[in-house]
Every structure is written in C-alpha cells, then in structure tokens.
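**Q** below are the sequence and a predicted model; questions follow.
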There are 2 protein chains.
Amino acid sequence: MPMPDAAARLGLEARIDLERFWQTIEGSAGIGKGRPGGLSRLSLTDSDKAMRDLFVTWCQDAGLVVSIDELGNIFARRAGWSDAEDPILIGSHLDTQINGGRFDGVAGVLAGLEVCRTLDDLGHVTKRPITVVNWTNEEGARFSPPMVASGCFAGRYTADWVRDRIADDGCRFGDELERIGYRGPVPCGGHAADAYFELHIEQGPILDATRKKVGVVTDGLLVHGMLVEFTGETAHTGPWPMEKRRNALVAGARWLTSVDDLGWDFAGSGGKATAARLSAWPNKPGILSESALAVCDVRHADPTAARVMTTRMKRAVGEAAIRSGCEARVVDEWSYGGDIFDPGLIALVRAKAEALRCDWMELSSQASHDAYFMAEHCPSVMIFVPCKDGITHNNHESCERDDLDAGLNVLLHAVVERADR
Amino acid sequence: MPMPDAAARLGLEARIDLERFWQTIEGSAGIGKGRPGGLSRLSLTDSDKAMRDLFVTWCQDAGLVVSIDELGNIFARRAGWSDAEDPILIGSHLDTQINGGRFDGVAGVLAGLEVCRTLDDLGHVTKRPITVVNWTNEEGARFSPPMVASGCFAGRYTADWVRDRIADDGCRFGDELERIGYRGPVPCGGHAADAYFELHIEQGPILDATRKKVGVVTDGLLVHGMLVEFTGETAHTGPWPMEKRRNALVAGARWLTSVDDLGWDFAGSGGKATAARLSAWPNKPGILSESALAVCDVRHADPTAARVMTTRMKRAVGEAAIRSGCEARVVDEWSYGGDIFDPGLIALVRAKAEALRCDWMELSSQASHDAYFMAEHCPSVMIFVPCKDGITHNNHESCERDDLDAGLNVLLHAVVERADR
C-alpha cells in the first residue's frame, strides 16, 4: 500500500461514533447476563464463547483480519500502509467476574474496534497496522491466577503451564479452550509490537468524585500477593485438647484477620489489604481441618509503605501457623505495579487529552490489568474513564455514555499519532 | 415363646467371642478404605451401601430380623421370650468421617451384633427383644448437621427435613438414600424402647492415659454450636477503599479467630472452642466476598464456664460483622450434653464393670453421639473403650483388641440384665 498524501493526516476534529460504540456495548451486555444490570461471563464458558463469536463477527464486518493464538487470545488486525512495521495493539478482555459489570474489560476491547471503524469511516489508513486484542481469562474469576494469557504473551508463563490451570469447577483451562473451539494455531507471544494501549474503567472513585473524564495513568500501585498453604491434622472437634490441635482453618483465619488489620493500619494513607480467598479441607463440622489455601494481597502508592505492608503480611503467615500448631508453605508470590508505563506514551496521551480540551488528570492504577504484563513486552499505557462511585466487580458497576466519550477520542488520536509516526 | 427356667439366667462367666468380634471389625475395615489404616466411608455413598449390605447379611446369618426405616436406619431384632415388651436397643453408626478410623461408630454397631451372636452361642433368650441399630449419617461428614437420623427418631427433626439436606457435592439426602436402595417402608421414630446402649471409642485420651479399659459415661460435655451467615458486598480488591469494604470472608475469618482465642482463654480448665467451617462466595482473588457461612462451637465441663463461652461466642458474631461492615444472621444454633444419661443405667453399667473386675472409671463424653438424641427418647447410657492417644477423626485412630474386650463384656452383661428384668 502506498503512503497516502499528507492531507490524509487525521485532523483533531475527528471523533469516534459514540452512538455506535454504545450500541456495541449494549450488544455485548446481552451475553452472559448475571444479576440485574450485571454480567457473569466467566472465561472459557459457553457465554464467553458466545461473546467471542460475536466479537469476531463484528471484527470481520469491519474488515479486520482475525487470528487466534494457542491460548485463545484474539487478534483483529487493520492493515497499515507500511504493513511490515510492528503493529499498535489496543486490548483488554471480554471475560467478567462472577458478579461483574458491563464495562470492566469489555469497554477496552470494543474501544479498539471502534477506533478501527472510525478510521474506516474517515478513510484514514495509518502507517503501522492496528491490532485489537482480547486477552483470555484476565479476571482469574475461573482460572487462577488472573491475566494468564497476556502473561504468557509477555513471557511470564509458558502456554503449557497456562493450559494446566484447574478451575474450582474441576475443569482444565486447555480442555475448556478446546471445548469452545478457541485453541488457535498461532503460538502465544513472540510477536513484536510497537506499542500497547488499554482503555479501562477506573475501578476506583477518583475520576467520578472529581468530575474528570479522562485519567492519564502514570503508574500502577505496588501490589504484593501471596498464596499460602497451611497444613495441620484432622482430629475430633470435641475431646481433642486445645494444645494438641493443629487446625489449618484456624491458621488461615488468623492470617486473613492479621492481613485485614494491616489494611486498617495503613488505611489513613490509602493502603489496602485484602483477604481474598480461604478454602480448607475437610472444612466440616465435627473434624479439624488438615489443610487450608489462603490468598491475600497488600497495596500502597508509597513504595516504602508498600514494602512495610509486604513484610508484615509475610510475618503474619508464620505467626498464624505457630499460633495454630500448623506449618505454612508459600505456594506462590507475586508483585505488580510501579513505574511500568512508557513515559513517551504517557506524554502522548496527556498531550491528546489537553489538545481535545478534556477534563483530565493523572492518576495511578490501583487494579492490575493485562497492560501490566504488556508493559514488560513493549511500550504500554492506559487510559481510564470514570465509573459511577468507583463500583466494580459488582452488578451495580455503571457508566454513562458521556463518561466514555472523551476517553475514546483520546485513545483514537493517541493511537493514530503513534501509528502514523 | 415360654419363659425359660431360672437356670437359663446368664452367668457372670459368660464372655463375648473377642476373636469373632475382631474378625467382624476387620471385615468392615475393608469397605470404604481411606488413607493408610483409615476409612473414608461417607453416608449414603457406594461404600456406605456396601457396608450396609454386609451388615445386613451378618445380621441375617445371626438370625436377626432386619427392617429399614424411611431414613435408612437399620434395625436388626433378636426376639425375646416376652416379645411384646419394648426392646433394648444397642446402636451406633457405620458411616465415618472423610479421614476417619476403623472403630469410630462401627465398633458400637458390631458390638450389638456380637452380643446377639454370643447369646445364641450360650442359648440364652432374653425376656425383652434386643435390637441392634445402625443410624444413618451420624458423622455429618457428608450431610449437615450430624446425627440427623437418630435426631428424627427422637422427634427433633422431621423425615422430610432430613431428606432435603444437601451435601457439598450437591446431592440430596433423600435422593442418595433412594439411589443406594435404603429408603425403607418403616416410618422413622414413634417406636417405644426400654433402653438404649451405645458402646463407643472414647475419642479422647483419658482412658488410654490412665490405662483404664472401661469408661462409664456419666454425662455429656455441654456443647453450644452456631451456624452463622455473614453478608457483605462484592467489589474490586484493588481500588476499593478499606472504609467501604464489606468483605464477608473477613467477617468469617474474624469470627473464627475470636472463637479460637476463646478456646485458649478456657484451655486451662479444659474448655475447647472450634472453628469448624468457613465457606465464602465468590471466594476468589480479585473480588471481595459477598457471603460467608461459618460454623463454630464451644464446650466445657463446667456449666458456668460453658455459659460464659457461649455468650462470648455469640458476642463475637456481632463484633466480627461490625468490624468488617457486614451483616450477620444466625442460621442455626444447637446445644447438646449435660446430665442426659439415665442414672439407673449408669449404675447398672458401673455395677457390671465392678462385678467383672474391669479397670473402669467414670467420665464425661466430650463428643456428641446418637445417644444424645436417644436420651430424649428413652433411658440411655454409653460405654467408652480406650483408643490410642485419643486420636480419632484421623486415619491414625487405633485400638488393640484387648482395649475392647472389657467394654464388650460390660455391654453384654448390662444389656442382658436390663433385657431380662
């Protein structure tokens, strides 16, 4: 494809079609309905398949070339006029939490699609190709950990390891992927990308409270998480003396309680600590539990505070084990966040928000996203849009279409400037 | 049947056949094998059916008349010479915990069978009939609560309510009962009984530590238990501020921790507090839990201490809820124990232990048993035999055959004296 003439440069007046975008969101919200107003579209379920099928149709209708990789990641590519250049990726995820909303993830994928449709309307061909991406199992609501597929793409996990993840329902990631027909032929990862953009609802109350429409994400809150296994011994809940008890459920409960206390100790400076999961065995009346798996994490904007919280969370593991006569083993440990996003892309997004005269502000991401892993692979950035009261991972998650307008246009202009450079 | 002459009275030299009893125990231990040395024979599973089938065969081989009631309780009746009199019941349970032993429950049922076999060997016909009973789902390891079938027999629960119990595996009690073919035609309960005897391993370390062979059970430790539902709200584990969080998993963990603390406060005087079960939803990384079901209980030999522990356990429910922004609802509450056993039967067991020159002692039951409900229905008593180190609800539960000899003979002579009176 030849280089278009200079007149074909995208003018600042170009706008995405908000109404069409909203209709697309409405279409997606009909699949995997959960509680009133919400969605429960868990990864690699029948509803995830239905959503993927519809998304692929929309992409093909928009003339995009769709390919699927071995972990079910979907890539929908719009050619550039210098098509051998590394593409610009715009992505997020179509899966939701078990009690999720209609915007978390979906908005970012469909925003990418809308950028492509808008460029078609305007007859604008970018220099570099643009690829819209849906990452499999971002939420981790079915298969733990979250963001496994972007993690594999970025080299953190192997595809075999990801396929061997087992859900609480006993299903294996790889089997479910085959079942819904989304194990593609393309290897996961190893593709160069010029840049990665992800638009996402903030999942926090700051933009909504301050009436800002665009969040220029500068960094990610430092998060440190742990999966710990406590091991004790079954015994009768009746006669067995306290001093002989080795109840792993108590060890887990004590750790969760300590971590929650820790959250309160740092709440004044915005810290958070989460007791996320506790699952014991046999976990029945009449018998002390032999084992318990527990997941907690801590996060803080200040690196020193984040470090202190992490240290105390770790110390609490041993304390909980000793207090309950159990052993503790750290099965997994992870950390996310920090100054992971690309300064050049942050400046680009900021410049576009300013040029478009949006109500914008800089802020940190407090949740983890596929962009966290992508930032290890190529220059990456995120754009946040407001959601009502910051409510998310709940069927009351809500956005007005006006909340999305400015963010979508910032995405459009930032992507095109990057793609045309 | 005519009254036998006075010479047919059972002499004190009569003994059960310990070798035959042990062979029967060994036979039962081949069904529903669990971890090495242990059993995992959960109620109304295929292995429970296999054990029931074998038990019924053994009973029929011994000439007992078997009937099954609508909850699967098995009654094996040996006629008396005054057969219209109310029977003497000897019972316990054939089901085990998920990581259970080879004696808990089973020993008491097979002891009843051995008493009947021994009387046949001796040609002794008692005045009153003797009925050996297997109670369905004593352990509560599959269907909660425990002791539902003896509870229904004694009028605590209706048969419909029991049949509607749902296991963690999603199966319904009534459906599983039909499936294994043990829904009998006889209504549960409403049958008069002259007395109920239950032989059981102590499930505590006292007899083993003091080298006593027979425990004359005088009463049951006062136990107070609660099933509490905590309700919060799902939200993102990342950005959601501590002060807005309503994490039901934290409420549950806090309650369990407080109850365990309470156990330690009373450990010096022999009190126990158990955090038995915690199950939250969605219980996943990334999302705060909306609901949690938790089960705890407290027990103490001293009625005042038991009352204080109960009060504090209840107060801790509200504290846990308030600390975590959740609501709490007491779904169920139960208490067992106290001076429930019949003084006349206790004196009878004591007199036989003395007459047979056993190493015996009086003690309290610290675990709950079917005898607790039966004591509401007819005069009841328990006989304990030692188990190694008091270990139970664990595959390392262990008895030597000599541990059971004295208890079995006390049971034989006490039952016959009662049956012949």
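**A** Alright, I've got the coordinates. Numbers count the residues shown, from 1 in each chain, chains lettered A, B, ... in the order given.

**Q** so which helix or strand of chain A has the lowest pLDDT on average?
**A** In chain A, no helix or strand scores lower on mean pLDDT, DSSP states H and E than strand A:327-338, which sits at a mean of 93.

**Q** so, in contact with chain B or not, that one?
**A** No: under the criterion of CB under 8 Å from any CB of the partner chain, chain B is not reached by strand A:327-338; the shortest gap measures 9.7 Å. Just so you know, the C-beta spots here come from the backbone N, C-alpha and C atoms, and that holds for glycine as well.

**Q** helices or strands up against that strand?
**A** For strand A:327-338, the packing partners by 3 or more CB pairs under 8 Å, 6 or more residues apart in numbering or on different chains; DSSP states H and E come out as strand A:214-231, helix A:303-323.

**Q** got the phi/psi numbers for A:Trp135?
**A** Dihedral angles phi and psi of A:Trp135 (degrees, to the nearest 10) take the values phi -90, psi 130.

**Q** how close does it get to chain B?
**A** According to CB to the nearest CB, to the nearest Å, A:Trp135 stands 15 Å off from chain B.

**Q** show me what contacts that residue?
**A** Applying CB atoms under 8 Å, 6 or more residues apart in numbering or on different chains to A:Trp135 gives the contacts A:73, A:91-93, A:147, A:149-150, A:153, A:370.

**Q** again, but for A:Arg156
**A** A:Arg156 neighbours (CB under 8 Å, 6+ apart): A:373, A:376.

**Q** helix or strand for it, which one?
**A** Here A:Arg156 is covered by no helix or strand, with elements defined by DSSP states H and E.

**Q** closest one to A:Ala209 out of the contacts of A:Trp135, please.
**A** Distances from A:Ala209 to the contacts of A:Trp135, taken as CB to CB, are shortest for A:Ser92 (23.6 Å).

**Q** got phi/psi on the residue nearest to A:Leu64 when sequence neighbours are not counted?
**A** Of all residues not flanking A:Leu64 in the chain, A:Ala76 sits nearest, at 3.9 Å (CB to CB, 6 or more residues apart in numbering or on different chains). For A:Ala76, the backbone dihedrals (degrees, to the nearest 10) come out as phi -120, psi 110.

**Q** before we move on, what about A:Asp69?
**A** Torsion angles at A:Asp69 (phi, psi; degrees, to the nearest 10) stand at phi -100, psi 180.

**Q** quick one: it and A:Pro187 touch, right?
**A** Yes: contact criterion CB atoms under 8 Å: A:Asp69 and A:Pro187 qualify, at 6.6 Å.

**Q** distance from the least confident helix or strand of chain A to the middle of the chain?
**A** Shown here is strand A:327-338, whose average C-alpha point lies 18 Å from the average C-alpha point of the whole chain (CA atoms, centre = their mean, to the nearest Å).

**Q** after it, which helix or strand is next?
**A** helix A:343-355.

**Q** now that next one: buried residues?
**A** By neighbour count on 16 or more other CB atoms under 10 Å in any protein chain shown, the buried set for helix A:343-355 is A:345-346, A:348-350, A:352-353.

**Q** now swap in stretch A:211-229 and tell me
**A** So for stretch A:211-229, counting by 16+ other CB under 10 Å, buried means A:212-229.

**Q** name the helix or strand for A:Thr257, please.
**A** helix A:248-265.

**Q** touching chain B at all, that helix?
**A** Yes: part of helix A:248-265 sits near chain B under the criterion CB under 8 Å from any CB, namely A:249-250, A:252-254, A:256-257, A:260, A:263-264.

**Q** now that helix: average pLDDT?
**A** Averaged over helix A:248-265, pLDDT sits at 98.

**Q** extract the C-alpha trace of that helix and format it as PDB.
**A** Output of helix A:248-265 as PDB, limited to C-alpha atoms (Å, rounded to 0.1, in the frame of the first residue of the first chain):
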ATOM      1  CA  ALA A 248      -5.400 -25.400  59.400                       C
ATOM      2  CA  LEU A 249      -8.700 -23.500  59.100                       C
ATOM      3  CA  VAL A 250      -7.700 -21.500  62.200                       C
ATOM      4  CA  ALA A 251      -4.300 -20.800  60.700                       C
ATOM      5  CA  GLY A 252      -5.900 -19.400  57.600                       C
ATOM      6  CA  ALA A 253      -8.500 -17.400  59.500                       C
ATOM      7  CA  ARG A 254      -5.700 -15.900  61.700                       C
ATOM      8  CA  TRP A 255      -3.700 -14.900  58.700                       C
ATOM      9  CA  LEU A 256      -6.700 -13.300  57.000                       C
ATOM     10  CA  THR A 257      -7.600 -11.400  60.100                       C
ATOM     11  CA  SER A 258      -4.000 -10.200  60.600                       C
ATOM     12  CA  VAL A 259      -3.900  -9.000  56.900                       C
ATOM     13  CA  ASP A 260      -7.200  -7.200  57.300                       C
ATOM     14  CA  ASP A 261      -5.800  -5.500  60.500                       C
ATOM     15  CA  LEU A 262      -2.800  -4.400  58.400                       C
ATOM     16  CA  GLY A 263      -5.100  -2.800  55.900                       C
ATOM     17  CA  TRP A 264      -6.600  -0.700  58.600                       C
ATOM     18  CA  ASP A 265      -3.200   0.300  59.900                       C
END
